[in-house]
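In: Kindly generate the corresponding structure for this input.
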Amino acid sequence: MGYLAKCLTRGVMVPVGLLAGSAGNSLAADLGPPPPAPVIDTAVQPAWTFRFTPYGWLTAWNGTQTVRGRSVKVDASFIDIVEKSDTLVALMGDFEARFGRFALLGDVVWSRVGADRSNIRSRTLAPGVTGTLATSLGLDVEMVIAEFGVAYEVARSGPLAFDILGGARYWYQEADLSLAVTAAVDIGDLQVAGARAFARSGSVDWLDPIVGARVRYTMAPGHELFLRGDIGGLGVGSDFSWQAIGAYGFELGTYQGITFSGVIGYRALSVDYAQGEGRRRYEFDMIQHGPILGLSMRF
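Out: Residues are numbered from 1 along each chain as shown. Take a look at the predicted model:
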């Protein structure tokens, strides 16, 4: 018979601690070892982040513009365009919403640009026009370029990330080709205003599917290098379109939860689009290229 049992049988008082310890040991033996503590997952879950970047694109134009069958060759620098354009500052902005590896992309460019005769060469200038035309020419184009799409990060190695992207690029244009008229007997379908005749395109728009890729490289905390390339059109909208962008972003500071960064880089966008025949033909075969300067806001 155990010690405790003998003591209880004989009426001997047993310390409570001994009873408690014995009971506790017996209970612990019955219940077995305590269950392991629950593991709490403290990993940071991805959340949406947003970035908006208003910017300026200092474009030069090189290519051919055809309005109502009249074609001109354009070779205009940014300075040439500024001197002739109705506006010195266009409206441009880039937007990205990111969740983990997935991102939504958007970019809008509105511009109204012009070039004068020193930057334009005549090509099949005025079929069906009799009389005398002076050599003074002018080209004004109002344009909207809107991009939207998605990107997905397919690979990452340390500070280097590689994305694939797809989407669409929408184009809207209105072009006026003006000619100085000195004496004309028949100017066909041109519109005359004072001493100038105009070939007006009216509203022209089209939609290009695009596919591409981009590389993001974090050079140091707050410093990122960005490279992007895409192709589009492929006969669906334009015959062919391509784009290349290289930019460098550097963090300036944070204010009220918004991180501000400066952006500098270079952008080139080419498109070859045509519709109609004869005097109804419209063609825009142009490369727009130049530096970009912007201010990025991330929140």
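In: which ones are touching the residue nearest to residue 275 when sequence neighbours are not counted?
Out: Among residues not flanking residue 275 along the chain, residue 282 sits closest, at 5.4 Å (CB to CB, 6 or more residues apart in numbering). To be clear about C-beta, it is placed using only N, CA and C from the backbone, and glycine gets the same treatment. When contacts are counted by CB atoms under 8 Å, 6 or more residues apart in numbering, residue 282 touches 66, 67, 68, 175, 201, 204, 274, 275, 276.
In: what's the answer for residue 49, then?
Out: By CB under 8 Å, 6+ apart, the residues touching residue 49 are 97, 98, 99, 298, 299.
In: element containing it?
Out: Secondary structure from DSSP states H and E places residue 49 in strand 48-57.
In: Going by neighbour count, list what's buried in that strand.
Out: Judged by neighbour count (16 or more other CB atoms under 10 Å), strand 48-57 contains these buried residues: 51, 52, 53, 55, 56, 57.
In: List the neighbouring strands of that strand plus their orientation.
Out: Neighbouring strands of strand 48-57 in its sheet, by DSSP bridges, are strand 91-99 (antiparallel), strand 282-298 (antiparallel).
In: For the helix or strand following it, give me every contacting residue.
Out: Downstream of strand 48-57, the next assigned helix or strand under DSSP H and E is strand 60-67. The contact list for strand 60-67, computed with CB under 8 Å, 6+ apart, reads 71-78, 80-81, 113, 115, 123, 139, 141, 175-177, 199-201, 274, 281-290.
In: and if you look at stretch 106-113?
Out: Stretch 106-113 has contacts (CB under 8 Å, 6+ apart) with 57, 59, 61, 81, 84-87, 90-96, 140-148.
In: Filter these down to the buried ones.
Out: Those of the contacts of stretch 106-113 that meet the buried threshold are 57, 59, 61, 81, 84-85, 92, 94-96, 140-143, 145, 147, by 16+ other CB under 10 Å.
In: how about those residues, which pair is most distant?
Out: Within these, 84 and 96 form the most distant pair, 33.5 Å apart (CB to CB).
In: what about the strands in the stretch 151-299 of the chain?
Out: Here the stretch 151-299 of the chain has its strands, by DSSP state E, counting those that start in this stretch, at 160-186, 191-193, 196-200, 204-220, 223-232, 240-255, 258-275, 282-298.
In: elements contacting whichever helix or strand residue 147 is part of?
Out: Here residue 147 sits within strand 130-157, counting by DSSP H and E. On a contact count with 3 or more CB pairs under 8 Å, 6 or more residues apart in numbering; DSSP states H and E, strand 130-157 meets strand 70-76, strand 102-116, strand 120-123, strand 160-186, strand 204-220.
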